[in-house]
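Peer 1: sequence and predicted structure, then a few things I'm wondering about:
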Amino acid sequence: MPGILTYALHYEGAFNKNSLGAVSEAGKLAQQLGTEAHAVVVGEGIPDDLASQLGAYGATKVFRVEGPEGLAQPVIDAMAKIMTDNGHDYALFGGGLLGFEIGAGLAARIGAGVTMEVTQVNVEDSKLVAERPILGDSSISESRYKGKGIIIGRLNAFEMQQGEGTATVEDVQVELSPWSTKAKMLKRGEQRGADVDIEGADILIAGGRGLGKPEGFETLEELAGAFGGNSAVAATRAVVDAGWYPYAAQIGQTGKTVAPKLYLAAGISGAIQHKVGMQSSENIVAINKDSNAPIFEFSDLGIVGDLNKIVPKLIEAVKAKKGG
Ligand SMILES: Cc1cc2nc3c(=O)[nH]c(=O)nc-3n(C[C@H](O)[C@H](O)[C@H](O)COP(=O)(O)OP(=O)(O)OC[C@H]3O[C@@H](n4cnc5c(N)ncnc54)[C@H](O)[C@@H]3O)c2cc1C
């Protein structure tokens, strides 16, 4: 039976939110197509109860592959084999760097069409049609597939929906390509600024070159701390390249795509390569001393002024509002 295959990334016994969104979307679309949604998990000794959890998000079957988790090439090997053996028509991924890398590699491997940065998927004539915003989000382009189709969402474009049900788990032996074993995951862990996942944060305080010096990030961390909850600090490429903040916190074309409820930019000009990574944020607030800074063109609220004066006042105000 043709169907939709997704990949679910896990870390320390839990699936990531973006993967669960993709599994949920695949489950919903499979129902509309009259087919099934399946998922692939790759890792060492993944327990049954973890793999079968994906059933609650819409997967009817989970293919479990023994191999290194968190690297793209082994997942491409696994998905290419599973799609070919089982006749899946589509593969669907949440956004994020790993999804982009796996999706693009898989498309090349099996000769499928691929669409990235997809914000919506529809069913027409028993086929999937992917919608992708183009030209600075002023138009929508639609992708249809002649053969197999790979659909990669924008980060968090697909909503996670938890219901009932468990999935059957099927073990699959996959022979990894020689190049897939060249890279090894030495360590998955945390670094400063990356201990809160910026892709999953509800409030993001982003800093740019306007901070003037690396220590400026300490003030932004204090502001994020004042907000509390699911808040994190992010950065532009200019400051990441300068070594002021870790790469893991970079937003943009060559960084991460984020869509928090609140995105607050301090000392960021709003270059197109930065904008593409944060434009889906629900509320955009920018502080910049230059009233002509491009970021004001796509901000919901713009504050023209010196961040060195405004950010400390904001910290005080947020703390006062929170009662401490
Ligand atoms: C191929 C390519 C890929 C790229 N990928 C990315 C990417 O993924 N992410 C990314 O971010 N960039 C990326 N860039 C770089 C991008 O073009 C910009 O150079 C970068 O985003 C600028 O960073 P910035 O806003 O921190 O710095 P700037 O552009 O230098 O802006 C600093 C801003 O701070 C303001 N400012 C200065 N002092 C103060 C103050 N005291 N108070 C308030 N405001 C102040 C200034 O008015 C200015 O607007 C990429 C570029 C290329 C060519």
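Peer 2: In hand now; what should we look at?
Peer 1: contacting residues around residue 159?
Peer 2: By CB atoms under 8 Å, 6 or more residues apart in numbering, the residues touching residue 159 are 21, 24, 25. C-beta: built from backbone N, CA, C; applies to glycine.
Peer 1: tell me the pLDDT at it?
Peer 2: Residue 159 is assigned a pLDDT of 86 by the prediction.
Peer 1: gap between the residue found closest to residue 147 once you drop the neighbours it is linked to in the chain and the ligand?
Peer 2: Distance criterion CB to CB, 6 or more residues apart in numbering; nearest residue to residue 147, sequence neighbours excluded, is residue 112 at 6.3 Å. According to CB to the nearest ligand atom, to the nearest Å, residue 112 and the ligand sit 27 Å apart.
Peer 1: what's the burial count for residue 112?
Peer 2: Neighbour count for residue 112, taken as other CB atoms under 10 Å: 21.
Peer 1: so what's it up against?
Peer 2: Residue 112 makes contact with 91, 106, 145, 147, 148, 149, 150, according to CB under 8 Å, 6+ apart.
Peer 1: could you pull up phi and psi at it?
Peer 2: Here is the backbone geometry of residue 112 (degrees, to the nearest 10): phi -100, psi 160.
Peer 1: picking that back up, strands - which of the contacts of residue 112 land there?
Peer 2: Within the contacts of residue 112, residues falling in strands by DSSP state E are 91, 149, 150.
Peer 1: need the pLDDT of the first one.
Peer 2: So that's residue 91. In this model, residue 91 is scored at 98, pLDDT.
Peer 1: quickly list what it is bridged to.
Peer 2: Applying DSSP bridges to residue 91 gives these bridge partners: residue 5, residue 150.
Peer 1: sorry, back to before: among the contacts of residue 159, who's most crowded?
Peer 2: With neighbours defined as other CB under 10 Å, the most crowded of those is residue 25; it has 28 neighbours.
Peer 1: that residue contacts residue 154, doesn't it?
Peer 2: No: between residue 25 and residue 154 there is no contact under CB atoms under 8 Å: 11.8 Å.
Peer 1: which of the ones in strands among the contacts of residue 112 are close to the ligand?
Peer 2: Counting by CB under 6 Å from any ligand atom, nothing from those sits close to the ligand.
Peer 1: which among these gets closest to residue 77?
Peer 2: Minimum distance to residue 77 across these is 13.5 Å, recorded for residue 91 (CB to CB).
Peer 1: which residues does the closest one contact?
Peer 2: Neighbour list for residue 91: 4-7, 79, 83, 103, 106, 112, 148-151 [criterion: CB under 8 Å, 6+ apart].
Peer 1: equivalent analysis for residue 79, please.
Peer 2: By CB under 8 Å, 6+ apart, the neighbours of residue 79 are 5, 7, 40, 91, 102, 106.
Peer 1: what do you get for residue 19?
Peer 2: With contact set as CB under 8 Å, 6+ apart, residue 19 has these partners: 6, 7, 8, 9, 10, 94.
Peer 1: so how do I select the buried members of the residues you listed in PyMOL?
Peer 2: Filtering the contacts of residue 19 down to the buried ones (16 or more other CB atoms under 10 Å) takes a single PyMOL command:
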select buried, resi 6+7+8+9+10+94
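Peer 1: nearest to the ligand among the contacts of residue 19?
Peer 2: residue 94 (18.8 Å; CB to the nearest ligand atom).
Peer 1: what's the helix or strand for the closest residue in space to the closest one that isn't next to it in sequence?
Peer 2: Among residues not flanking residue 94 along the chain, residue 18 sits closest, at 3.5 Å (CB to CB, 6+ apart). Using DSSP states H and E, residue 18 maps to helix 17-33.
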